[in-house]
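Enquirer: Whatever this is, show me its structure:
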Amino acid sequence: MSRLRFWWRYFRHKTPWDTNITPPEIVALAERLPVGSAIDLGCGTGTNVIYLAQRGWRAVGVDFAPNAIGIARRKARRAGVDAFAKFYVSDVTKLEWLESSVYAPFTFAMDIGCLHALSPEAQRAYAAQLARLTASGATYALYAHQRRNQTQFDFTAEHVERLFKPHFTLLQATYSTDTSSGYASGWYELRRV
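Expert: Next comes the predicted model:
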């Protein structure tokens, strides 16, 4: 989906991917991990960043859609966590400016549906950027699903391992079918070396 189309869908409030519910996989990780600093790459309207901030995390959300970030900031203010939940309009492959922030290095990173939409070249840039933004031992949670124009799901465990080596180790891959689209999907948990 093009950037313009994403922006338009946020403007029209037609975002089927934005459920306003933190996935149980993220809830389980947040309960298991020590509280620290987190980043949500492709954060949309900030639901998961706000969830973490409400539990004591210092959390950052990044998305290229200005409308989504505007909504996220308003939601954080209403939730009373705008001091702990920060949102930025940015390309997820160009976050060098964030490397020297008070939040970095991050101890928890998540991506729920952003990476799989990037070109192979952008995916490699994203993986290198994520390695620079995360602390040794950090947890990275990734959700990806098959795109409409794909005949098969290409985000296999092998693909994820190749993409993130040598900076991350794949701990777990769980496959299922996305309930809203009917496409194949996967959750991946990785650890920063």
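Enquirer: What pLDDT does the model give residue 23?
Expert: In this model, residue 23 is scored at 95, pLDDT.
Enquirer: got a list of what it touches?
Expert: Applying Cβ atoms under 8 Å, 6 or more residues apart in numbering to residue 23 gives the contacts 48, 112, 143. (C-beta placed from N, C-alpha, C; glycine too.)
Enquirer: From residue 143, how far out is it?
Expert: Using Cβ to Cβ, to the nearest Å, residue 23 is found at 7 Å from residue 143.
Enquirer: For these two, list the residues in contact with both.
Expert: In contact with both residue 23 and residue 143: residue 112, using Cβ under 8 Å, 6+ apart.
Enquirer: which stretches of this protein form strands?
Expert: Using DSSP state E, the strands of the chain run over 37-41, 58-63, 85-89, 106-112, 134-145, 168-177, 184-192.
Enquirer: on that earlier part again, with the contacts of residue 23 in mind, which one is nearest to residue 175?
Expert: For these, the minimum distance to residue 175 (Cβ to Cβ) is 11.3 Å, reached by residue 143.
Enquirer: need the contact list for the nearest residue to the closest one once chain neighbours are set aside.
Expert: Spatially, and ignoring its direct neighbours in sequence, residue 143 is nearest to residue 112 (4.4 Å; Cβ to Cβ, 6 or more residues apart in numbering). The contact partners of residue 112, taken as Cβ under 8 Å, 6+ apart, are 23, 26, 40, 42, 48, 141, 143.
Enquirer: Adding distance to residue 100 as columns, could you present the contacts of residue 23 in TSV?
Expert: Listed next are those as TSV, based on distance: Cβ to Cβ, whole Å:
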residue	distance to residue 100
48	24
112	26
143	28
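Enquirer: Just put the contacts of residue 112 in a markdown table and tack on distance to residue 69.
Expert: As requested, the contacts of residue 112 are exported to a markdown table (distance: Cβ to Cβ, whole Å):
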| residue | distance to residue 69 |
| --- | --- |
| 23 | 20 |
| 26 | 19 |
| 40 | 11 |
| 42 | 11 |
| 48 | 14 |
| 141 | 21 |
| 143 | 20 |
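Enquirer: quick one: which of those residues is most hemmed in?
Expert: When neighbours are taken as other Cβ atoms under 10 Å, the top entry among the contacts of residue 112 is residue 40 (31 neighbours).
Enquirer: if I pick that residue, what's in contact with it?
Expert: Contacts of residue 40 by Cβ under 8 Å, 6+ apart are 46, 48, 49, 59, 60, 61, 62, 109, 110, 111, 112.
Enquirer: Pairing partners for it in the sheet, please.
Expert: Taking DSSP bridges as the rule, residue 40 bridges to residue 61, residue 110.
Enquirer: pLDDT at it, what is it?
Expert: What the model reports for residue 40 is a pLDDT of 99.
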